[in-house]
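Trainee: give me a model of this one.
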Amino acid sequence: MFEGDVLLCWITVSLENLTADVSELEKGIEATYRELEAARACRESVAVLEEFLVNAQRQMNLLKDDCKKAQVMEIVLGIYYSVIADSMCGLLC
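Mentor: Below you'll find the model as predicted:
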């Protein structure tokens, strides 16, 4: 097995874990938005919750952007290691 295959496999598993974590965080933020709406309906003070959601949403957007970049890098590395493996096979075969 080529070293690049091991690295690419590791990157893929890590990226899958990151994507799953982001999905869970999104669910939590959605639940917090529902809680905010319920608190508004009861005329409760929501300033702290609103501030939390603004900050959380900003960080979530940055995290999603980073995830997209990581997915692109995974594709690029896959192509790179595929070319390297083909070259190595050409030299050794």
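
Trainee: give me the element the closest residue to residue 46 other than its chain neighbours is part of.
Mentor: Using CB to CB, 6 or more residues apart in numbering and skipping residues adjacent in sequence, the residue nearest residue 46 is residue 39, 4.9 Å away. All C-beta atoms are positioned from the backbone trio N, CA, C, and that covers glycine. For residue 39, the element it lies in under DSSP states H and E is helix 3-41.

Trainee: beyond that helix, next helix or strand please.
Mentor: Next along from helix 3-41, by DSSP H and E: helix 47-92.

Trainee: off-centre distance for that next one?
Mentor: In terms of CA atoms, centre = their mean, to the nearest Å, the centre of helix 47-92 is found 7 Å from the chain centre.

Trainee: relative to helix 3-41, how tilted is that helix?
Mentor: 170 degrees (axes from the mean of the first three to the mean of the last three CA atoms, to 10 degrees).

Trainee: so how many other residues sit close to residue 73?
Mentor: For residue 73, the count of nearby residues is 13 (other CB atoms under 10 Å).

Trainee: distance check, it against residue 66.
Mentor: According to CB to CB, to the nearest Å, residue 73 and residue 66 sit 10 Å apart.

Trainee: give me the contacts around stretch 44-60.
Mentor: When contacts are defined by CB atoms under 8 Å, 6 or more residues apart in numbering, stretch 44-60 is touched by residues 22, 25-26, 29, 32-33, 35-36, 39-40.

Trainee: my error: substitute stretch 17-35 in the last question.
Mentor: For stretch 17-35, using CB under 8 Å, 6+ apart, the contacting residues are 49, 52-53, 56-57, 60, 63-64, 67, 70.

Trainee: switch the cut-off to 6 Å
Mentor: Contact with stretch 17-35 is made by 53, 56, 63, 67, as judged by CB atoms under 6 Å, 6 or more residues apart in numbering.

Trainee: just send those residues back as a markdown table, with pLDDT and neighbour count too.
Mentor: Shown next, in a markdown table, are the contacts of stretch 17-35 (pLDDT from 0 to 100; neighbours: other CB atoms under 10 Å):
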| residue | pLDDT | neighbour count |
| --- | --- | --- |
| 53 | 96 | 17 |
| 56 | 96 | 15 |
| 63 | 93 | 15 |
| 67 | 89 | 15 |
